[in-house]
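Sequence first, then the predicted structure:
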Amino acid sequence: MKRLFLVLLSSVLITGCMELAKEPTAEKKNTSVNTEFDVVILNGRVIDPETNFDAVRNVGILDGKIALITEEGISGKETVDASGKVVSPGFIDIHAHGQNIGDYRMQAMQGVTTMLELESGVLPIKAWYDSQAQKNLPLNYGAASGWTYARIATFSDTEPQATVGYFQDAQKDMDWKMNISTFEQQKEIMAMVEQGLNEGGLGIGINAGYAPGYGQKEYYALAKMAAKHDVATFTHVRYASNMEPKSSYEAVKELISNAALTGAHMHICHINSTSLKDIESIIALVDDALAQNIDITVGAYPWGAASTVVGAAMFSGEGWRERMGSSANNFQLGTERMTEEQLNDYQKNSPGTFIVWHFLDESNPDDLALLDKSVLHPNILIESDEMFWMFMDSEGHIENYDGNAWPLPEEAFSHPRSNGTFAKILRTYVRERKLLTMQEALKKMTLMPAQTLEDFVPQMKMKGRLQVGMDADIVVFDPETIADVGTYEKPNRPAVGVTTLLVNGVFVVKNNELITDSAPGQPIRRTVN
């Protein structure tokens, strides 16, 4: 793959010339150690994943940019003492679904500075960006053009709405999930998706697992459209099954084939969960594709449970339990496992209800080893698949929380990946199990997500790095205490260990506390045609 080859080549060259990376200088001649900066971060372990820089330095921030990195003393209007802390680019989450202010705040507490809805995407794109701009968001935001939204709109003869409720309400209908589109329907679907791209969408979100009956021609047409617009697709692959036919292996092979045929950059979302227990053969398939420079990228999250709607297509059809190795006990509603009676009831009467679905047991060494294969792979980045924060009303209905309270209401729940994915990588894989170095982990959470997008989203060239001239999206955390503390049973507990978070040079977390009126988030968006 061209992108990965260039990244690896640049790492080799930079490693051989570390003298150049060790003493970053001011971007402008009039910026020096005598400048009064807006913010200075002093005495922290500064890590830049692109240059492999790792040393104690002082960082000066001016006008939302990193203006100086130096050993010399500097001063500013605001000072952060980062002694004993890591100073890193803010984490970039390219797979996040909850788009209300509470969702962003929970992500901020674990060091995320940019939060993008790319797998599912939305439509219409313009309406979504206009709505997000009114929410006073603390983090940078953006979305892809959503294929499933176009499919729902086409089959239901409605106008798409850029809300999760529109997607949830459609779960009761099977035609958009399982029917092959006619020529006219496919034309209408493609027109909506392309309009989303023309309105600045960040590629094409293809939630194929929720509409697996789409046929071959439609997916191929989406890949061709991505190549035409020089953007990526972000796919939740068609099948989730350990068994053939209609296996996870077949679904990933389909994606790789379309990337090879069209030349499109195609991203495989959460390969850990869609692979179920067949990760070894699927990783081998990915490695073969990368060895042939097929333009794919891959993401994963470090959890043995997924979150989805209870009426998802993968939980239907003859033999779905055997294909997925699942029973009702694998489903969790709120904080409790479901019974068979509950599962049948919710699938029939409330199919749009979000649940947690357990597919691996992390306490089982064999299952954990399968999860590790995706998380530790050097070419797989970390994405959270963050979900909405929800609550259950008095009648047992699940509602998405869109309020402004902080902390979130006590009864709010979600998948713990929604507020702990990046903190969990640093806690378990770096500190406790020592399977990743700090530099390796940060690269997966900062640089690699930025590089996945930067060829067609120029803003991302300024993110994911801690270098002079880059955007001041910066997290300062204690490597000895950063941790995910939410659990499946008690998820509503923000991560700990992030002492400072800056987004575009503005404090969002300060002295371990969220600043609730801070709203420096900016739209990440392609040029609007």
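Nice, I can see it. Residues are numbered from 1 along each chain as shown.

where exactly do the helices run in the stretch 301-450 of the chain?
320-324, 340-349, 365-375, 417-424, 438-445, 447-453 (DSSP state H, counting those that start in this stretch).

can you state the direction angle for the fifth one and helix 417-424?
Here helix 438-445 runs at an angle of 150 degrees relative to helix 417-424 (axes from the mean of the first three to the mean of the last three Cα atoms, to 10 degrees).

Could you list the buried residues of helix 438-445?
Buried residues in helix 438-445, counted by 16 or more other Cβ atoms under 10 Å: Met438, Ala441, Leu442, Lys443, Lys444, Met445. The way it works is simple: take the backbone N, C-alpha and C, and place the C-beta from them, glycine included.

On the three-state scheme, Tyr214 is what?
Following DSSP: H, G, I helix; E, B strand; the rest coil, the label given to Tyr214 is coil.

nearest spatial neighbour of Ser281, skipping sequence neighbours?
Tyr249 (5.8 Å; Cβ to Cβ, 6 or more residues apart in numbering).

Secondary structure element for the one you found, which one?
Per DSSP states H and E: Tyr249 is located in helix 248-262.

Next SSE downstream of that helix?
Assignment by DSSP H and E places the next element after helix 248-262 at strand 265-268.

quick one: the closest residue to Lys373 other than its chain neighbours from Asp372, how far?
Spatial nearest neighbour of Lys373, chain neighbours left out: Ile279 (5.1 Å); criterion: Cβ to Cβ, 6+ apart. Using Cβ to Cβ, to the nearest Å, we find Ile279 at a distance of 9 Å from Asp372.

More neighbours: which of these two?
A count of neighbours by other Cβ atoms under 10 Å puts Ile279 above the other of Ile279 and Asp372, at 24 against 17.

Name all residues that make contact with the more buried one.
Ile271, Asn272, Leu370, Leu371, Lys373, Ser374 (Cβ atoms under 8 Å, 6 or more residues apart in numbering).

Now do the helix holding Tyr249, average pLDDT.
For helix 248-262, mean pLDDT rounds to 98.

Restrict that helix to CA atoms and write it as CSV.
The C-alpha trace of helix 248-262 is given here as CSV (Å, rounded to 0.1, in the frame of the first residue of the first chain):
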residue,chain,number,x,y,z
SER,A,248,-16.6,-12.5,7.7
TYR,A,249,-13.7,-13.7,5.6
GLU,A,250,-15.8,-13.5,2.4
ALA,A,251,-16.9,-9.9,3.4
VAL,A,252,-13.4,-8.7,3.9
LYS,A,253,-12.3,-10.4,0.6
GLU,A,254,-15.1,-8.5,-1.2
LEU,A,255,-13.8,-5.2,0.1
ILE,A,256,-10.2,-5.9,-0.9
SER,A,257,-11.3,-7.0,-4.3
ASN,A,258,-13.2,-3.7,-4.9
ALA,A,259,-10.2,-1.7,-3.7
ALA,A,260,-7.9,-3.6,-6.1
LEU,A,261,-10.3,-3.3,-9.1
THR,A,262,-11.1,0.4,-8.6
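
Can you list the buried residues in that helix?
Neighbour-count burial for helix 248-262, counted by 16+ other Cβ under 10 Å, picks out Ser248, Tyr249, Ala251, Val252, Glu254, Leu255, Ile256, Ser257, Asn258, Ala259, Ala260, Thr262.

Would you list the phi and psi of Gly325?
Backbone dihedrals for Gly325, given as degrees, to the nearest 10, come out at phi 60, psi 50.

Tell me how far the closest residue to it other than its chain neighbours lies from Val309.
In this structure, Gly325 finds its nearest non-sequential neighbour in Asn242, 6.2 Å apart by Cβ to Cβ, 6+ apart. Separation of Asn242 from Val309 (Cβ to Cβ): 21 Å.

Asp385 now?
From Asp385 to Val309 the distance is 13 Å (Cβ to Cβ).

if we can go back for a sec, from the contacts of Ile279, which is closest to Tyr214?
Nearest to Tyr214 among the contacts of Ile279: Ile271, at 20.3 Å, using Cβ to Cβ.

and the residue nearest to Gly325, which of the three is it?
Per three-state DSSP, Asn242 ends up coil.

That one is in contact with Ser281, isn't it?
No. Between Asn242 and Ser281 there is no contact under Cβ atoms under 8 Å: 10.2 Å.

pretty sure Trp320 is in contact with Ala313, am I right?
No. In this structure, Trp320 is not within contact of Ala313 by Cβ under 8 Å, at 9.2 Å.

Export the contacts of Ile279 to TSV and append columns for neighbour count, distance to Gly44 and pLDDT.
Output for these, formatted as TSV (neighbours: other Cβ atoms under 10 Å; distance: Cβ to Cβ, whole Å; pLDDT from 0 to 100):
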residue	neighbour count	distance to Gly44	pLDDT
Ile271	24	33	97
Asn272	27	32	95
Leu370	22	36	96
Leu371	21	31	96
Lys373	17	33	97
Ser374	23	31	97
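
And the strands in the stretch 351-500 of the chain?
For the stretch 351-500 of the chain, strands defined by DSSP state E, counting those that start in this stretch occupy the ranges 354-358, 380-382, 390-392, 398-400, 474-477, 498-503.

what's near enough to touch the residue nearest to Ser281?
Per Cβ under 8 Å, 6+ apart, neighbours of Tyr249: Asp278, Ser281, Ile282, Leu285.

Kindly list the main-chain dihedrals of the third one?
Spelled out, it's Ile282. phi -70, psi -40.

any idea how far the nearest residue to it once chain neighbours are set aside is from Ala153?
Distances taken as Cβ to Cβ, 6+ apart put Ser275 closest to Ile282, at 4.6 Å, once the chain neighbours are dropped. Distance, Ser275 to Ala153, using Cβ to Cβ: 31 Å.

Neighbour count: those two, which is higher?
Taking other Cβ under 10 Å, Ser275 and Ala153 do not tie; Ser275 has more neighbours (29 against 22).

need the contact list for that one.
Listed by Cβ under 8 Å, 6+ apart, the contact partners of Ser275 are Ser248, Val252, Ile282, Ile283, Ser374.

of all these, which comes closest to Leu123?
Of all the contacts of Ser275, Leu123 sits closest to Val252, with 25.7 Å by Cβ to Cβ.

Asp385 and Val309: which is more packed in?
Asp385 (26 against 21).

That one contacts Ala306, correct?
Yes. The pair Asp385 / Ala306 is scored as a contact, 7.4 Å apart, by Cβ under 8 Å.

still on that earlier bit, looking at Trp320 and Ala313, which one has more neighbours?
Ala313 (22 against 14).

can I assume that one is in contact with Asn179?
No. With contact defined as Cβ under 8 Å, Ala313 and Asn179 do not form a contacting pair (11.5 Å).

Mind putting the helices of the stretch 301-450 of the chain into JSON lines with distance to Gly396?
As requested, the helices of the stretch 301-450 of the chain are arranged in JSON lines below (distance: least, Cβ to Cβ, whole Å):
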{"stretch": "helix 320-324", "distance to Gly396": "24"}
{"stretch": "helix 340-349", "distance to Gly396": "9"}
{"stretch": "helix 365-375", "distance to Gly396": "31"}
{"stretch": "helix 417-424", "distance to Gly396": "22"}
{"stretch": "helix 438-445", "distance to Gly396": "37"}
{"stretch": "helix 447-453", "distance to Gly396": "37"}
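
and of those, who's closest to Gln292?
Nearest to Gln292, of all those, is helix 447-453, at 19.0 Å by Cβ to Cβ.

and that closest one, how far out from the chain's middle?
11 Å (Cα atoms, centre = their mean, to the nearest Å).

Please enumerate residues in contact with it?
Here helix 447-453 makes contact (Cβ under 8 Å, 6+ apart) with 3, 7, 49-50, 89, 92-94, 202-203, 232, 267, 297, 381-383, 460-461, 463-465.
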